[in-house]
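Visitor: generate a structure from the sequence data that follows.
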Amino acid sequence: GLTIVGSVFPGTYLDKYAEAERAEENIRSSMGTERTKGFCQIIVSPSVRDGISHLIQSAGLGGMKHNTVLMAWPQSWKQTDNRFSWKNFVDTVRETTAAQQALLVAKNIDLFPGNQERFSEGNIDIWWIVHDGGMLMLLPFLLKQHKVWRKCRMRIFTVAQMDDNSIQMKNDLQMFLYHLRIKAEVEVVEMFENDISAFTYEKTLVMEQRSQMLKQMQLSKNEREREIQSITDESRSSIRRKSHSNPQCIGQGVDSLLP
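Guide: You can find the predicted model right below:
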């Protein structure tokens, strides 16, 4: 997909255009070093907060516009006296949700492996929130296509109440992954009702009931795949409806980079 690496340069364009051009060249050079294919866009703005907002709104063109924002978790936000660090982060989350775009937040990126490293073992763990529109399934699958993560195992965790049929839920989830052609281990974590987010649990249960219904209907393979696709489509629609009704909610969800 399209990748746009964006950054905000504080100041006014009349005063900072030369420095902004040098910054853009530096980013292009870094992208070449990391073998990242894409475009670079620098916004000069008196306010970093406004600059990020402009990037979210204007990056890309037409069908080449980004649909996902990737940003870093603010460093030392608990210790810093600068409230603008975490405030800019929260405002960016809200604006990304208002724009109906997916949001990825990377934490401790300094500890990420380099492109030359190879993991001979390890796990990629996913705590699956079913209403995420499928993003949490897609990202680890794409990671495993890269040579750094290729030998890692995917483990998917979902939650159930203590009196649920966890074995049946696990079997249904495994069947769901099988139809998506995703190889992963499934673990159902039993928790007390007070510890489970009602929305998360109900959405997981809906997916389980849908899988059971597909079995009872004895649909063909193509029909089952269309039904599974409809689940993710309905999830995306529910996110859009929720963002329209409550623009302050925090969204989830890699095409645009905001350092």
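
Visitor: flag the shaky bits of this protein, pLDDT-wise.
Guide: Along the chain, the model assigns pLDDT under 70 to residues 76-84, 129-133, 192-259.

Visitor: break it into its domains for me.
Guide: Domain segmentation of the chain under the TED database yields 4-111, 123-242.

Visitor: with distance to E117 added, can I get those in TSV?
Guide: (Glycine included, C-beta is placed from N, CA and C.) TSV is the format used below for those (distance: least, CB to CB, whole Å):
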stretch	distance to E117
domain 4-111	12
domain 123-242	6
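
Visitor: can you put those in JSON lines and add mean neighbour count?
Guide: JSON lines is the format used below for these (neighbours: other CB atoms under 10 Å):
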{"stretch": "domain 4-111", "mean neighbour count": "15"}
{"stretch": "domain 123-242", "mean neighbour count": "15"}
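
Visitor: what helices or strands is the longest strand along the chain leaning on?
Guide: In the chain, assigned by DSSP state E, the strand with the most residues is strand 153-161. Judged by 3 or more CB pairs under 8 Å, 6 or more residues apart in numbering; DSSP states H and E, the packing partners of strand 153-161 are strand 123-127, helix 166-179, strand 185-191, helix 198-217.

Visitor: listing partners with orientation, what would you give for it?
Guide: Note on strand 153-161: by DSSP bridges, its sheet partners are strand 123-127 (parallel), strand 185-191 (parallel).

Visitor: what angle do the last one and helix 166-179 make?
Guide: Read that as strand 185-191. Here strand 185-191 runs at an angle of 150 degrees relative to helix 166-179 (axes from the mean of the first three to the mean of the last three CA atoms, to 10 degrees).

Visitor: give me the contact list for strand 185-191.
Guide: In this structure, residues lying in contact with strand 185-191 by CB atoms under 8 Å, 6 or more residues apart in numbering are 153-162, 164, 166, 169-170, 173-174, 177.

Visitor: just the C-alpha atoms of it, please, in PDB.
Guide: Provided in PDB are the C-alpha atoms of strand 185-191 (Å, rounded to 0.1, in the frame of the first residue of the first chain):
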ATOM      1  CA  GLU A 185      -2.900 -20.600  18.100                       C
ATOM      2  CA  VAL A 186      -6.100 -19.700  19.900                       C
ATOM      3  CA  GLU A 187      -6.400 -19.200  23.600                       C
ATOM      4  CA  VAL A 188      -9.700 -18.400  25.400                       C
ATOM      5  CA  VAL A 189      -9.000 -16.600  28.600                       C
ATOM      6  CA  GLU A 190     -11.700 -17.100  31.200                       C
ATOM      7  CA  MET A 191     -12.400 -14.100  33.400                       C
END
